[in-house]
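Chemist: pasted the sequence and its predicted model underneath.
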Amino acid sequence: MERSFQIENLAVKTYGETKAMGAAAADYVAGKLRAAINKKGAANIILATGASQFSFLEALQTKEIDWGKITVFHLDEYKGISEAHPASFRKYLKERILNRVAPKKIYFLNGDAPNLELEIKNYEEALQAHPIDIACIGIGENGHIAFNDPAVADFKDPKLVKVVELDEACRNQQLGEGWFPTFDDVPKEALTLTITAIMSCKAISCVVPDERKAQAVYNSLYGVISTNCPASILRTHPESVLFLDKGSASMIK
């Protein structure tokens, strides 16, 4: 059962089941992609990873979308791990969607690039050349969006991509989701799109299932808009939708 409401600019939609939440987000994103293709003959999308995106990505690949006209970017990647690593976000996106839908072009953030400064410069240039029609993101347990944890989040970041240090809560989440065998195996740094890059996208779809995210969702919706909960900035975006399931919506007033 769906419930919809708005907090400032942010539309919030809650669903009883995670699968229904993912399907609704996929419908919204597919609509934005089709509209962009109809208007300009092409579309640009950013995709997130992690356990939170499973139901959404599964549903998205069933939609009628002309992937041959879509350029894909991704949100973040661990510093120093190869694409073959089980926790690599490049590997995740290829296996969960990209190999199946065959987009026109994919820009990957290579966290193991020999020259990270050049990697970041090239990625920023690609982003600037492809204004993003829809960013598909999540919210971390610490309120982060992409890998912009509270300590490194900057609402006026001059960069579009940067290397960040991951905080303990973020690294514990990666461990808890089963991506790494021990806490010490979780990388301490990552490459991430900044909040400036995310907020400059024309539309944002934010998919957040699971009760362990309920506090972060509550803080995002009802707390002060500040980097203490980076996702709170979504309330200022003119075209953003937050998709929740029963667990993640459990603290909502």
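Modeler: It's in.
Chemist: bridging residues for residue 5?
Modeler: residue 12 (DSSP bridges).
Chemist: likewise for residue 136?
Modeler: According to DSSP bridges, beta-bridge pairing links residue 136 with residue 205.
Chemist: show me what contacts it?
Modeler: 25, 29, 45-48, 53, 56, 205, 207 (Cβ atoms under 8 Å, 6 or more residues apart in numbering). For glycine as for every other residue, the C-beta is placed from the backbone atoms N, C-alpha and C.
Chemist: which one (most neighbours) among those?
Modeler: residue 207 (30 neighbours; other Cβ atoms under 10 Å).
Chemist: sec struct for it, please.
Modeler: Secondary structure assignment for residue 207 (DSSP: H, G, I helix; E, B strand; the rest coil): strand.
Chemist: surely it is in contact with residue 51?
Modeler: No - look at residue 207 against residue 51 with Cβ atoms under 8 Å: they stay out of range, at 11.0 Å.
Chemist: in the stretch 51-200 of the chain, which spans are helices?
Modeler: 54-60, 89-93, 99-101, 116-129, 168-176, 195-199 (DSSP state H, counting those that start in this stretch).
Chemist: can you give the contact residues for the longest one?
Modeler: Under the contact criterion Cβ under 8 Å, 6+ apart, helix 116-129 has outside partners 73, 79, 107, 109-110, 113, 159-163, 191, 193, 197.
Chemist: and it, average pLDDT?
Modeler: Averaged across helix 116-129, pLDDT comes to 98.
Chemist: in the lengthiest helix in the chain, which residues are buried?
Modeler: Longest among the helix segments of the chain by residue count, using DSSP state H, is helix 18-40. Neighbour-count burial for helix 18-40, with 16 or more other Cβ atoms under 10 Å as criterion, is recorded at 18-26, 28-30, 32-34, 36-37.
Chemist: one more: stretch 148-157?
Modeler: For stretch 148-157, by 16+ other Cβ under 10 Å, it's 148-150, 152-153, 155, 157.
Chemist: go on, stretch 76-93?
Modeler: Here stretch 76-93 shows 76-79, 81, 85, 87-93 as buried, counting by 16+ other Cβ under 10 Å.
Chemist: if we can go back for a sec, packing partners of the helix or strand following the longest helix of the chain?
Modeler: Downstream of helix 18-40, the next assigned helix or strand under DSSP states H and E is strand 43-47. Applying 3 or more Cβ pairs under 8 Å, 6 or more residues apart in numbering; DSSP states H and E, one finds that strand 43-47 makes contact with helix 18-40, strand 70-74, strand 134-137.
Chemist: relative to strand 204-208, how tilted is strand 43-47?
Modeler: 30 degrees (axes from the mean of the first three to the mean of the last three Cα atoms, to 10 degrees).
Chemist: restricting to C-alpha, output the longest helix of the chain in PDB.
Modeler: What follows is helix 18-40 as a C-alpha-only set of coordinates in PDB (Å, rounded to 0.1, in the frame of the first residue of the first chain):
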ATOM      1  CA  THR A  18      10.400  -3.800  -0.900                       C
ATOM      2  CA  LYS A  19       9.600  -5.200  -4.300                       C
ATOM      3  CA  ALA A  20       6.700  -2.700  -4.800                       C
ATOM      4  CA  MET A  21       9.100   0.100  -3.800                       C
ATOM      5  CA  GLY A  22      11.700  -1.000  -6.400                       C
ATOM      6  CA  ALA A  23       9.100  -1.300  -9.100                       C
ATOM      7  CA  ALA A  24       7.700   2.200  -8.400                       C
ATOM      8  CA  ALA A  25      11.200   3.700  -8.500                       C
ATOM      9  CA  ALA A  26      11.900   1.900 -11.800                       C
ATOM     10  CA  ASP A  27       8.700   3.300 -13.300                       C
ATOM     11  CA  TYR A  28       9.700   6.800 -12.300                       C
ATOM     12  CA  VAL A  29      13.200   6.400 -13.700                       C
ATOM     13  CA  ALA A  30      12.100   4.800 -16.900                       C
ATOM     14  CA  GLY A  31       9.700   7.700 -17.400                       C
ATOM     15  CA  LYS A  32      12.500  10.200 -17.000                       C
ATOM     16  CA  LEU A  33      14.700   8.300 -19.400                       C
ATOM     17  CA  ARG A  34      12.000   8.100 -22.100                       C
ATOM     18  CA  ALA A  35      11.100  11.800 -21.700                       C
ATOM     19  CA  ALA A  36      14.800  12.700 -22.200                       C
ATOM     20  CA  ILE A  37      15.100  10.500 -25.300                       C
ATOM     21  CA  ASN A  38      11.900  11.900 -26.800                       C
ATOM     22  CA  LYS A  39      13.200  15.400 -26.200                       C
ATOM     23  CA  LYS A  40      16.800  15.200 -27.300                       C
END
